[in-house]
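1. Show me the folded form of this:
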Amino acid sequence: MRIGLTYTGTPEKHENYARWLQQGQEDIAVIRLSVEGGDMADCDALVLSGGVDIHPSFYGGDLLYDEAPLAGWKQERDAFEKAALERAWATGKPVLGVCRGLQLINVSCGGTLVQDLGVLGDKTHQNRPADKEHEVMVERDSLLYGISGAGGWINSAHHQAIDRLGKGLRVNSHAGDGVIEGIEWEEPEGRPFMLAVQWHPERMYVHGFKDRSLYAAIRDRFIEEIKKSITRS
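-> Numbering: from 1, shown residues only. The predicted model follows:
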């Protein structure tokens, strides 16, 4: 099994994802995908990782907003990951999005982003000085509910969020302040597996969070779906 993982920007963060996905299983290879190398065509599934804000041109946003990245955006990464996502969907491969990955899926489907959650939102969601922790509520008739149950406590490290939902998507979870915390297909029949969350399950795994269903069960279901996809191909 070969899981394509987009490069989040630092080796330590990339390794967090790899440990979470592999969990010591020798038959799972994690392939680094970035503009510097790696091809979605060589992978059985795709994980879109977290990282820098998506360039506003991808969703018609404003270039001037609070908390815009001081070092600028990475448009080459945006374009590369959007192409990898479209390739994964075109070839029927499972996709999992994390934080920025959720946002990339949304804008790739024509949605938009809240460019900055502001002071009140930052108190709940932004990782200053470290990851925040807050409760998430999961919609009962969703794919995510079938995986994780009604919800629990998650980590949080973002200052942007989904605004207008992309075409063909549905919301599967919210934070207490209404911020969208997860998305999936509105009509999954005939489509490859796709799930995306705003939190960081890879860091929940590394730090041993209590609510295992919100990171362990998500990973296990993703691996299961990859196996099904390989068998069908």
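2. Would you confirm that residue 202 contacts residue 14?
-> No - counting by C-beta atoms under 8 Å, residue 202 sits too far from residue 14 to count as a contact (9.6 Å). Backbone N, C-alpha and C define where each C-beta goes, glycine included.
3. and the two? which has more neighbours close in?
-> More crowded of residue 202 and residue 14, by other C-beta atoms under 10 Å: residue 202, with 27 against 19.
4. what sits against that one?
-> Contact partners of residue 202, counting by C-beta atoms under 8 Å, 6 or more residues apart in numbering, are 16-17, 19-21, 98, 215.
5. With respect to residue 43, which of the residues you listed is nearest?
-> Closest approach to residue 43 among the contacts of residue 202 (C-beta to C-beta): residue 21, at 12.0 Å.
6. Was I right to think residue 62 contacts residue 56?
-> Yes - under the criterion of C-beta under 8 Å, residue 62 lies in contact with residue 56, with a separation of 6.0 Å.
7. list the residues that contact both of the two?
-> Listed contacts common to residue 62 and residue 56 are residue 115; contacts here mean C-beta under 8 Å, 6+ apart.
8. quick one: which of the two has more around it?
-> Neighbour totals were compared for residue 62 and residue 56, and residue 56 leads with 18 against 8 (other C-beta under 10 Å).
9. Find the nearest non-adjacent residue to that one, please.
-> residue 63 (5.6 Å; C-beta to C-beta, 6 or more residues apart in numbering).
10. For the one you found, give me phi and psi.
-> With angles defined as degrees, to the nearest 10, residue 63 shows backbone torsions of phi -70, psi -20.
11. ok, it to residue 88 distance?
-> 29 Å (C-beta to C-beta, to the nearest Å).
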